[in-house]
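S.K.: structure of the sequence below:
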Amino acid sequence: MTDVDVVAEGRHSRRKAATRAAIVRAARELLVLDGTEVSVQAITERADVALGSFYNHFDGKPAVFEAAATAALEEFEESLVARTHHLRGVLAVFAARLRLYGRMTDTHPEIATVMMCLPPSAHLAPHGYSLRALADVEAALAAGELAVDDLDIRLIAAAGSMRSLVALRQRDPSMSAERVDDLAAVLLEMFGLSPVEARELAHVPLDSLLDESA
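M.R.: Here you go, the predicted structure:
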């Protein structure tokens with residue numbers, strides 16, 4: 001391959017990646033505005049790409065919506081890591097992330113809307129919430145701070161519970177964030193903490209973690 005070919009291939013790869021990113025971005029924006037009923041044509045028009053270009057990257061709407069949700073979840077995960085990296089103790093991190101997830105409608109309403117447009121199974125997918133929680137729980141198990149069996153069942157229960165709470169808070173914005181903490185305490189008990197330990201961890205002040213600049 002000549003130098004000219006290498007340059008041309010690199011340019012083609014960049015254009016292809018840019019087109020895919022534009023389609024995913026457009027799908028995410030339209031999910032927020034119109035939900036999953038939006039058409040492929042609407043997505044391509046918003047992305048300013050040809051209809052055929054869509055099918056060069058995705059085989060249909062479910063695939064692009066999954067890609068949009070994955071991108072949104074990755075963005076949210078980066079936010080969780082930024083807010084909790086300074087906490088001491090794996091259980092403190094796990095508890096804080098549970099509570100921040102439940103506050104998604106307050107801190108990241110667009111991401112919450114994108115996630116609620118997708119089926120519950122999205123939370124169990126490779127980029128779903130349960131697998132994000134798995135890393136936290138495994139760290140706590142390795143540190144000897146938790147000792148539970150049936151971990152998969154507990155993660156499914158946690159993912160479903162948090163998703164339901166986010167949906168409820170979307171429908172009723174007046175629902176207090178304290179209800180998020182109450183649910184977090186219940187889930188922490190489910191993962192093996194005593195009621196007293198769970199309640200204490202679930203009600204530590206979160207003010208600094210809710211600050212975008214934290």
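S.K.: ok, and the closest non-adjacent residue to Met190?
M.R.: Spatial nearest neighbour of Met190, excluding adjacent residues (CB to CB, 6 or more residues apart in numbering): Arg154 at 5.6 Å. The way it works is simple: take the backbone N, C-alpha and C, and place the C-beta from them, glycine included.
S.K.: start and end of stretch 30-44, how far apart?
M.R.: With CA to CA, to the nearest Å as the measure, stretch 30-44 spans 11 Å from end to end.
S.K.: please apply the same query to stretch 191-207.
M.R.: 25 Å.
S.K.: swap in stretch 139-148?
M.R.: By CA to CA, the extent of stretch 139-148 from end to end equals 13 Å.
S.K.: buried residues of it, list them for me.
M.R.: Under the neighbour-count criterion of 16 or more other CB atoms under 10 Å, stretch 139-148 has Ala139, Ala140, Leu141, Glu145, Leu146 buried.
S.K.: walk me through the domains of this structure.
M.R.: For the chain, the structural domains run 1-59, 65-210, going by automatic domain parsing.
S.K.: most tightly surrounded among those?
M.R.: domain 65-210 (a mean of 17; mean count of other CB atoms under 10 Å).
S.K.: who does the longest helix along the chain touch, helix- and strand-wise?
M.R.: Identified as the longest helix of the chain according to DSSP state H is helix 3-34. The contact analysis (3 or more CB pairs under 8 Å, 6 or more residues apart in numbering; DSSP states H and E) places helix 3-34 against helix 40-47, helix 51-57, helix 61-84, helix 109-116.
S.K.: contacts for the second one, please.
M.R.: The one in question is helix 51-57. With CB atoms under 8 Å, 6 or more residues apart in numbering as the test, helix 51-57 has contacts from Lys16, Thr19, Arg20, Ile23, Val40, Gln41, Ile43, Thr44, Val64.
S.K.: if we can go back for a sec, wait, doesn't the residue nearest to Met190 sit right on Phe191?
M.R.: Yes: using CB atoms under 8 Å, Arg154 is in contact with Phe191, at 5.9 Å.
S.K.: which residues are common contacts for these two?
M.R.: Residues touching both Arg154 and Phe191 (CB under 8 Å, 6+ apart): Val137, Val148.
S.K.: so Asp149, which state does it fall into?
M.R.: The three-state assignment at Asp149 reads coil, by DSSP: H, G, I helix; E, B strand; the rest coil.
S.K.: for it, phi and psi?
M.R.: Backbone torsions of Asp149, given as degrees, to the nearest 10, read phi -110, psi -180.
S.K.: helices and strands around the least confident helix or strand in the chain by mean pLDDT, which ones?
M.R.: Of all helical and strand segments in the chain, the minimum by mean pLDDT, DSSP states H and E falls on helix 129-142, at a mean of 74. With contacts taken as 3+ CB pairs under 8 Å, 6+ apart, helix 129-142 sits against helix 61-84, helix 90-102, helix 151-171.
S.K.: which residues are contacting that helix?
M.R.: For helix 129-142, using CB under 8 Å, 6+ apart, the contacting residues are 73, 77, 80, 90-91, 93-94, 97-98, 101, 123-125, 146-148, 151, 154-156, 158-159, 162-163, 191.
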